[in-house]
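1. quick one: sequence and predicted model below, then my questions.
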Amino acid sequence: MAEAGTRRYPQQLTNHLRELSQEKNDELLIYREWTFSHTEDTGAASSQCPCGKTGIRYLCYIDNQITRSMTFVGTSCAEFFDEEMKEVFQLTLGLISKGINGKYKGVQSRGEKKRFEVRANSNIVLKQSRLHALFRFVPIYQRGDGKWEIQAFTQHNNLTLNESYAMKIKSSRWSKDYGKGVVTGITFRVIQLERIKH
Ligand SMILES: [Zn+2]
């Protein structure tokens, strides 16, 4: 485990988070109050991370578990959070920036989300245990035949079964109280979709 004192947090980001956190002294504890909320594509590299870095396009929103404040960080600041959060940042920012290819497999049984088969060696499959460590419900499933699928909301209609699509996906955390305590999950939403021509 990294010692709090030896870790170099960006001063500007730390000050920003401190203002919105309950903890006011211990930097490690300040960073630990924050959890993943959702990713956002601003459409242009014109945002500024609270650390001072400019030219940011993809943002990772985080919220404070105690104060309920919300803010965001850019891609490079993901590394200052703990290992699990870092993985979640990297995976979700990868899905919204580089995107992922998926073969359309029809609508989910309840008809709300669409199913896309993804490669078994894609990051989202390889690292899905990291998402499961933080969230109870993660829309990544292994089928009976061993193939992997993700389920995502999308406005795109007229998708052709078994055709492949390049997608950019926004991830959001949700939480719900089912009476036996709060459960959390991740939702995928396709924000950009293009058919891959053969
Ligand atoms: Zn930053």
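-> In hand now; what should we look at?
2. partners of Phe72 in the sheet?
-> Per DSSP bridges, residues listed as beta-bridge partners of Phe72: Tyr61.
3. hmm, I typed the wrong one, I wanted Thr184.
-> Thr184 forms beta bridges with Ser175, as assigned by DSSP bridges.
4. equivalent analysis for the one 10 residues further on, please.
-> Taking DSSP bridges as the rule, Glu194 bridges to Ala166.
5. and Thr39, by the same measure?
-> In this entry, Thr39 is beta-bridged to Cys60, by DSSP bridges.
6. setting aside sequence neighbours, what's the nearest residue to the residue nearest the centre of the chain?
-> For the chain, Thr92 is the residue whose C-alpha lies nearest the centre (Cα atoms, centre = their mean; 3.1 Å). Spatially, and ignoring its direct neighbours in sequence, Thr92 is nearest to Ser171 (4.0 Å; Cβ to Cβ, 6 or more residues apart in numbering). For the C-beta atoms, the positions are set from N, CA and C on the backbone; glycine is no exception.
7. what about the strands in the chain?
-> For the chain, the strands identified by DSSP state E occupy 34-41, 58-64, 70-74, 100-107, 114-118, 140-142, 148-152, 164-177, 182-195, in order along the chain.
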